[in-house]
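Colleague: A predicted structure for the sequence below; I have some questions about it.
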Amino acid sequence: MHYVSTRDSEGAGVFTLSEAIHRGLAPDGGLFVPRAMPRLNIEDFEGANDPAEIAAVLLAPFFDGDPLAAELPAICAETFTFPLPVLELDGGPAVLELFHGPTAAFKDVGARFLAACTQRLETDADGPLTILVATSGDTGSAVAAAFHHRPGIEVVILFPAGLVSARQAQLLSCWDDNVRSFSVDGAFDDCQRMVKAAFADADITAARRLSSANSINIGRLLPQMVYYAMATLRAARQGQPPPGFIIPSGNLGNAFACLMTREVGLPVGEILLATNANLTVAEFMDSGDWRPRVSVPTLASAMDVGDPSNMERVFWRYRDHAGVSDAFAAVSIDDAAIRETISAGPARWHQVWCPHTATAVRAWERMPAADQARGWVLVATAHPAKFNDIVEPLIGEPVPVPAAMQQLLSLPARAETLPPDSTALSARLLGI
Ligand SMILES: *Cc1c(COP(=O)(O)O)cnc(C)c1O
């Protein structure tokens, strides 16, 4: 299997998966995509039951011919160490819970897989690698947890002070050993600018090998297909028709993984993206105009994206408005509707939703009954305890904290404050 850039229409530059993971971004600035989609069917998964086994079957063709191919079962076993349960709501849809990992959001899956691959691609001779991440919340903690204590790899995280939830801030700040966190007096865009400046700084790149772990890396995308495959296999084994998926979406990485799962031939039904008040995607579906813009803050902050980077992959595969509209639909759910959905969750469904998951729940709730009856899986992207400051006032009671999160919450916070200034970051990177 080879990988090409979304911008290379001739397919001239081809890369192995290891190269694509290592580079992150293609040399022409495009995103890596598989040159051809492998085809699989349900029978290929006979005997595969737990997530690691299903992952090894599903991802084998994507690793075909790669130096990491022999390691794939071990990489999957190292990644999928936590349950990915599907819950049937009484009289309602199913819910695919992706928040039982170490940092309680689905980003644990991609980050752990990327870490397992990166570790194996590193050789001692190269010297230490520094992973530099700007995060608006869940990515940074997932990457920190995934790379913590891995020899030869350092992680440096930048997050915007005061613009992530208090618990998110703690999950970004509680690390030691090879992970350093900086709480930047600025916005997410400042963090991202500082990271970009570091990559462009010759002094820094001479002193350190830098790498990013952001969500456009194909090594984060591929493992996210696994839980969609699991949910479709589960439905098929129970004799149900192909389920539709409703996916809380921001950068569209999770959505693109679902699209790929359907492309390889597994029985994924309709795909509906639930977005927040950031309207770029929903407006495009309505009007055909692609108008990226600055993001607006919402309660579902991990989805506050005005220029979703994975749309480049979507356009590469589905070409134009007509092609995209055939592939999926999108709706926008505003903060008032998110609040109502969270408030009503305990009485209506005996569930507490995080603000992101609430967008998917609302998207289902507002469908006509005939559409609801087609059978849907809602994707629950984070645990509500991570956003207790939003959720608890709405439901009027505390949200129980999962044990893994409780343990991280009990550690001392070690983030260092940094001005929103790239010279401050360079000094830290060169001074260590
Ligand atoms: C990152 C994130 C999303 C958005 O996922 P994309 O792949 O960027 O579309 C949704 N919910 C939560 C909790 C997240 O952390």
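Modeller: Now that the structure is in, tell me what you want to look at.

Colleague: Name the nearest residue to the most centrally placed residue in the chain, sequence neighbours excluded.
Modeller: Central residue check for the chain by CA atoms, centre = their mean: the C-alpha nearest the mean position is that of Lys107, 4.3 Å away. Leaving aside its chain neighbours, Lys107 sits nearest to Ala142 (3.8 Å; criterion: CB to CB, 6 or more residues apart in numbering). For the C-beta atoms, the positions are set from N, CA and C on the backbone; glycine is no exception.

Colleague: how about that neighbour, what does it touch?
Modeller: Residues near Ala142 by CB atoms under 8 Å, 6 or more residues apart in numbering: Gly101, Pro102, Thr103, Ala105, Lys107, Asp108, Gly110, Ala111, Arg112.

Colleague: quick one: the last one and Ile218, what's the gap?
Modeller: Here the distance between Arg112 and Ile218 works out to 15 Å (CB to CB, to the nearest Å).

Colleague: Settle it for me: which of those two has more neighbours?
Modeller: When Arg112 and Ile218 are compared for neighbours, Arg112 comes out ahead with 26 against 22, by other CB atoms under 10 Å.

Colleague: Could you measure from the closest residue to Ala337 other than its chain neighbours over to the ligand?
Modeller: Nearest residue to Ala337, sequence neighbours excluded (CB to CB, 6+ apart): Arg362, at 5.0 Å. According to CB to the nearest ligand atom, to the nearest Å, Arg362 and the ligand sit 14 Å apart.

Colleague: Pretty sure Arg362 sits against Ile342.
Modeller: No: under the criterion of CB atoms under 8 Å, Arg362 is not in contact with Ile342, lying 9.6 Å apart.

Colleague: if we can go back for a sec, which other helices and strands does the strand or helix carrying the residue nearest to Ala337 contact?
Modeller: Arg362 is part of helix 355-365, with elements assigned from DSSP states H and E. The contact analysis (3 or more CB pairs under 8 Å, 6 or more residues apart in numbering; DSSP states H and E) places helix 355-365 against strand 244-248, strand 271-275, helix 335-349, strand 376-380.

Colleague: before we move on, back to that, run through the residues that contact the residue nearest to Ala337.
Modeller: Listed by CB under 8 Å, 6+ apart, the contact partners of Arg362 are Ala274, Ile333, Ala337, Ile338, Glu340, Thr341.

Colleague: switch the cut-off to 7 Å
Modeller: Arg362 is in contact with Ile333, Ala337, Ile338, Thr341, counting by CB atoms under 7 Å, 6 or more residues apart in numbering.

Colleague: how far away is whichever residue of the stretch 51-200 of the chain sits closest to the ligand from Val377?
Modeller: Sorted by distance to the ligand under CB to the nearest ligand atom, the residues of the stretch 51-200 of the chain start with Asp138, at 3.4 Å. Asp138 sits at a distance of 21 Å from Val377 (criterion: CB to CB).

Colleague: and stretch 96-109, average pLDDT?
Modeller: Stretch 96-109 comes out with an average pLDDT of 97.

Colleague: so how far is that stretch off the chain centroid?
Modeller: Average the C-alpha atoms of stretch 96-109, do the same for its chain, and the two points are 9 Å apart (CA atoms, centre = their mean, to the nearest Å).

Colleague: Need the CA coordinates for that stretch. PDB is fine.
Modeller: Backbone C-alpha positions of stretch 96-109 (Å, rounded to 0.1, in the frame of the first residue of the first chain) are rendered in PDB as follows:
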ATOM      1  CA  LEU A  96     -20.800   4.100  20.800                       C
ATOM      2  CA  GLU A  97     -18.800   5.200  23.800                       C
ATOM      3  CA  LEU A  98     -15.300   6.200  22.800                       C
ATOM      4  CA  PHE A  99     -14.300   7.800  26.200                       C
ATOM      5  CA  HIS A 100     -13.000   4.900  28.300                       C
ATOM      6  CA  GLY A 101      -9.400   5.600  27.500                       C
ATOM      7  CA  PRO A 102      -6.800   7.200  29.800                       C
ATOM      8  CA  THR A 103      -7.800  10.800  29.000                       C
ATOM      9  CA  ALA A 104     -11.600  10.200  28.500                       C
ATOM     10  CA  ALA A 105     -11.900  11.300  24.800                       C
ATOM     11  CA  PHE A 106     -11.800   9.400  21.500                       C
ATOM     12  CA  LYS A 107      -8.400  11.100  20.800                       C
ATOM     13  CA  ASP A 108      -6.800   8.400  23.000                       C
ATOM     14  CA  VAL A 109      -7.200   5.900  20.200                       C
END
